[in-house]
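Participant: Please work out how this folds:
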Amino acid sequence: MFRAQRSVLPYLTTANTARDMDQIRIALGEPKISYFGFSYGTYLGAVYSTLFPARTDRVLLDSSVGPRLVWRDQFRGFGPANELRFPDFEKFAAAHHDTYALGATPDAVRATYFRLAAKLDAHPQEDLTGNSFRNTTRVALISDDNFPELAQMWQQVDKNGTVKRTALADQPDDSSTAVLLSIICGDTSWTKDLATYQADSVRDAKRYPISGAMASNVWPCAFWPVAPKEPLVKITADGPSNILVMQNLRDPATYYPGGVQMRAALGNRARLVSVDQGGHGVYLLSQNACAADIATQFLVSGAFPAQDRFCTGTTGSPNGDRGSAIKRIEASDRLF
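Facilitator: Below you'll find the predicted structure:
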């Protein structure tokens, strides 16, 4: 059984998935396809658009992977990305201190995070350790909608040292994790030098203490039993101008500079819509009317922006104008 699975591993790649997509297009008798890709799906869409540029109609890439970050540095991006995102939760918890008692100021909420993580490091529980607390917090930052439940979880940890089982604490099923690893380990080789992982973990933990070390540590890809069959597909600007890239400035999962990289790699094929808000996902996953209108008009009528666009947050722009918002991210971008 293992030998049969191992024989398939070298072919579970993004490039082969894109080729499978084109076979589906052929089977359907469609001359072109439109595509809406989210998160990892942005990279798949970019690879498809590079391999089959003439077969693309309207392509929307939401919360983009950075083509130059595939794959280890993409996950290391959790470090700086979560440093930018965490203040959104700090402000929420501080504003609701009377309800959750996590700190009356953003700085106090941040101090509570480190205190609770250290508490669980010293006294891990059956269902919750310091690292699982950190990871649950990181995952919850994907959406503002998770903030109340995350605050309740922190409150339980503070009072009881553990938590009741919640959707936030659920782990992904084995099959989805296996598919993820098959793709990211099959696309490109990862270093097998354990000293590199150790040094990066120590460095990133100091630079990005919210979640920096967790993604910099060693992954199963370092021990992957098969080598990639082909090099990564180089994303290029060859093809029609029909790709819209959308990116939240404070995305905790796909670091904003990844969207900038994708826009640069695609050149005049693409336009970038930057959105001054937090969370992972723009179109249909947030209430931003500016971004929603641009994407809907593009998908429905093919209206392609003449230039890159900037949308403020739904309740105004907490980081000021476009220039100051982008400069703040660039100042934090010490990893890439």
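Participant: going forward, measure contacts and count neighbours with C-alpha atoms only.
Facilitator: OK.
Participant: Number of residues surrounding residue 200?
Facilitator: 19 (other C-alpha atoms under 10 Å).
Participant: for it, what are its contacts?
Facilitator: Each residue near residue 200 by C-alpha atoms under 8 Å, 6 or more residues apart in numbering is listed here: 213, 216-217.
Participant: from those residues, which single one is nearest residue 19?
Facilitator: residue 216 (31.0 Å; C-alpha to C-alpha).
Participant: Just list the residues touching that closest one, thanks.
Facilitator: Counting by C-alpha under 8 Å, 6+ apart, residue 216 touches 72, 75-76, 197, 200-201, 204.
Participant: Run through the strands of the stretch 51-200 of the chain in chain order.
Facilitator: Per DSSP state E, counting those that start in this stretch, the stretch 51-200 of the chain carries strands over the ranges 56-62.
Participant: out of the contacts of residue 200, which are inside helices?
Facilitator: Among the contacts of residue 200, the residues falling in helices (DSSP state H) are 213, 216.
Participant: on that earlier part again, now the contacts of residue 216 in a markdown table, with distance to residue 90 and pLDDT?
Facilitator: Putting the contacts of residue 216 into a markdown table (distance: C-alpha to C-alpha, whole Å; pLDDT from 0 to 100) gives the following:
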| residue | distance to residue 90 | pLDDT |
| --- | --- | --- |
| 72 | 28 | 96 |
| 75 | 23 | 95 |
| 76 | 22 | 95 |
| 197 | 30 | 96 |
| 200 | 27 | 96 |
| 201 | 25 | 95 |
| 204 | 21 | 95 |
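Participant: domain assignment for the protein?
Facilitator: 26-71+231-332, 78-169 (automatic domain parsing).
Participant: okay if I get those as TSV plus mean pLDDT?
Facilitator: As requested, the domains of the chain are exported to TSV (pLDDT from 0 to 100):
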stretch	mean pLDDT
domain 26-71+231-332	91
domain 78-169	93
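Participant: Report the beta-bridge partners for the residue nearest to residue 35 when sequence neighbours are not counted.
Facilitator: Sequence neighbours aside, residue 59 is the residue nearest to residue 35 in space, at 4.7 Å (criterion: C-alpha to C-alpha, 6 or more residues apart in numbering). Here residue 59 sits in beta bridges with residue 35, residue 243, as judged by DSSP bridges.
Participant: okay if I get the contacts of residue 216 as CSV plus distance to residue 293?
Facilitator: Output for these, formatted as CSV (distance: C-alpha to C-alpha, whole Å):
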residue, distance to residue 293
72, 34
75, 30
76, 32
197, 43
200, 41
201, 41
204, 38
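Participant: Residue 56: what's it in contact with?
Facilitator: If you count contacts by C-alpha under 8 Å, 6+ apart, residue 56 has them with 32-35, 49, 242.
Participant: Make a PyMOL selection of the buried ones in the residues you listed.
Facilitator: In PyMOL, a selection of the buried entries from the contacts of residue 56 looks like this (16 or more other C-alpha atoms under 10 Å):
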select buried, resi 32+35+49+242
